[in-house]
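Chemist: Sequence first, predicted model second:
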Amino acid sequence: MTRLFRSTRPMRALLAAFVDGGMVWRHGYDLSKETGVKSGTLYPLLMRFADRGWVEARWTEAAAPGRPPRHIYRLTPEGQRIAAEAAAGDPALRLSPA
């Protein structure tokens with residue numbers, strides 16, 4: 001069964017940032033700076049997107065010694081479809097069952 005939900009401004013901003021960046025891997029911090037979405041909203045959205053198969057995430061090595069590894073994210077083909085629907089102004093996006 002497919003369910004609908006209302007998209008939010010932070011969700012649309014995050015999807016738009018991914019679309020604007022192409023298929024490039026992105027750090028959460030960079031996405032937050034670009035979109036203005038605070039980390040308390042951003043990371044739960046990224047986890048939800050990953051759970052639904054819209055975004056893939058992986059660990060990357062630390063940029064400097066003593067720094068922790070970081071997650072990076074990019075859209076999946078399904079995420080690209082959802083982002084295109086959001087860009088087309090669809091107020092209710094279709095989700096696969098969770």
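Modeler: Nice, thanks for sending it over. Numbers count the residues shown, from 1 in each chain.

Chemist: quick one: least confident helix or strand in the protein?
Modeler: strand 92-95 (a mean of 52; mean pLDDT, DSSP states H and E).

Chemist: Look up how far Leu75 lies from Gly21.
Modeler: Using C-beta to C-beta, to the nearest Å, Gly21 is found at 9 Å from Leu75. In short, each C-beta sits where N, CA and C put it, glycine included.

Chemist: so where's the protein shaky on pLDDT?
Modeler: Along the chain, segments meeting pLDDT under 70 span 1-6, 89-98.

Chemist: What segments of it are helices?
Modeler: Under the criterion DSSP state H, the chain contains helices at 9-20, 28-35, 39-51, 77-87.

Chemist: show me the contacts for Ala86.
Modeler: Shown in contact with Ala86 (C-beta atoms under 8 Å, 6 or more residues apart in numbering): 7, 11-12, 15-16, 93.

Chemist: Tyr43 and Gly28 touch, don't they?
Modeler: Yes. Contact criterion C-beta atoms under 8 Å: Tyr43 and Gly28 qualify, at 6.1 Å.

Chemist: ok, the two, which is more surrounded?
Modeler: Gly28 (19 against 15; other C-beta atoms under 10 Å).

Chemist: Surely that one and Thr60 touch.
Modeler: No. With contact defined as C-beta under 8 Å, Gly28 does not reach Thr60; the gap is 11.5 Å.

Chemist: which neighbours do these two share?
Modeler: 70-71.

Chemist: Between the contacts of Ala86, which sits nearest Arg70?
Modeler: Set against Arg70, the nearest of these by C-beta to C-beta is Leu15 (21.0 Å).

Chemist: so what's the closest one up against?
Modeler: When the contact criterion is C-beta under 8 Å, 6+ apart, the partners of Leu15 are 79, 82-83, 86-87.

Chemist: can we see that at 10 Å?
Modeler: Contacts for Leu15 (C-beta atoms under 10 Å, 6 or more residues apart in numbering) come out as 7, 35, 45, 49, 54-55, 75, 79-80, 82-87, 93.

Chemist: and the helices of the chain as CSV, adding distance to Ala64?
Modeler: Output for these, formatted as CSV (distance: least, C-beta to C-beta, whole Å):
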stretch, distance to Ala64
helix 9-20, 25
helix 28-35, 15
helix 39-51, 21
helix 77-87, 30
